[in-house]
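1. how would this look folded up:
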Amino acid sequence: MKVLGICGSPRKEGNSSSLLAEALRGCEASGAETKTIHVIDLNISPCIHCDSCLKTGKCIYHDDMDILLKEMDEADLIFISSPLHFANVSSQLKTVIDRMQVLWATKYVLKQPYLSEKKRSAVFITTASRYGDDLFDGSIATIKDFLRCGNIKLAMTFSCPSVENVGDVQQFPIIMKRCFETGKALADIKDN
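-> Coordinates of the predicted model:
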């Protein structure tokens with residue numbers, strides 16, 4: 001099984017990055033092949049809403065988004081992580097999501113799949129520096145819309161509030177263990 005981790009954090013050692021790494025480590029413990037892509041390392045132009053994809057099913061830009069889409073297409077299970085920035089995903093991850101307009105256009109306008117039609121699932125991992133009842137609602141809605149366009153099922157979300165500084169999540173071994181066990185369990189399910 002191929003598992004892709006998409007890290008949307010601008011900090012490779014941040015809290016959401018650490019939780020993603022633990023989940024992927026769990027997948028590896030179940031024998032899955034994993035790969036992590038840090039969005040901060042990619043050269044991705046923002047969507048300019050030119051509507052070319054509505055006619056052609058292709059984006060006018062050919063940048064690192066092509067690499068990311070290929071990796072997503074090959075994956076059986078996708079983990080996406082991001083810290084919360086003003087009640088939504090990071091600007092780095094939001095640029096990626098906005099470029100997923102090509103998935104929306106091919107699915108809803110051209111009535112064709114963009115990614116191969118194999119079944120794939122995703123897990124969304126997010127962190128925040130504060131706590132609130134509806135704190136994660138905006139980011140979860142954004143992720144759901146993005147995944148829906150690629151016919152990817154959101155299997156679960158994992159939200160961790162009250163971790164402000166880099167490394168704070170390390171002070172919560174139970175949370176780290178839960179991420180590891182989630183990755184391990186999902187990889188086991190996917191293989192059967």
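
2. Give me the nearest residue to residue 29, chain neighbours excluded.
-> Closest residue to residue 29 apart from its sequence neighbours, by C-beta to C-beta, 6 or more residues apart in numbering: residue 184 at 5.1 Å. In this view, the C-beta of every residue, glycine as well, is placed from N, C-alpha and C.

3. sec struct for the one you found, please.
-> helix (DSSP: H, G, I helix; E, B strand; the rest coil).

4. Give me the neighbour count for it.
-> 19 (other C-beta atoms under 10 Å).

5. residues touching it, list them.
-> Applying C-beta atoms under 8 Å, 6 or more residues apart in numbering, we find residue 184 in contact with 26, 27, 29, 30.

6. Looks to me like the second one is in a helix.
-> Yes: if the criterion is three-state DSSP, then residue 27 is within a helix.

7. separation between the residue lying farthest from the centre of the chain and residue 106?
-> Note on the chain: the largest C-alpha distance from the chain mean falls to residue 55, namely 26.9 Å (C-alpha atoms, centre = their mean). To residue 106, residue 55 is 11 Å away according to C-beta to C-beta, to the nearest Å.

8. before we move on, back to that, just the contacts of residue 184 now: which is nearest residue 111?
-> residue 27 (33.7 Å; C-beta to C-beta).

9. got a list of what the closest one touches?
-> 1, 3, 34, 77, 183, 184, 186, 187.

10. can you list the residues you listed in a markdown table and add distance to residue 10 and pLDDT?
-> Converted to a markdown table, those look like this (distance: C-beta to C-beta, whole Å; pLDDT from 0 to 100):
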| residue | distance to residue 10 | pLDDT |
| --- | --- | --- |
| 1 | 29 | 92 |
| 3 | 23 | 97 |
| 34 | 22 | 97 |
| 77 | 24 | 96 |
| 183 | 23 | 92 |
| 184 | 28 | 93 |
| 186 | 26 | 89 |
| 187 | 27 | 86 |
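
11. Next one: the residue nearest to the spatial centre of the chain, what pLDDT does it get?
-> Centroid-nearest residue in the chain: residue 80, 2.2 Å away (criterion: C-alpha atoms, centre = their mean). With respect to pLDDT, residue 80 scores 97.

12. got it, and residue 56?
-> In this model, residue 56 carries a pLDDT of 94.

13. Compare the contacts of residue 27 and tell me which is most surrounded.
-> residue 183 (30 neighbours).
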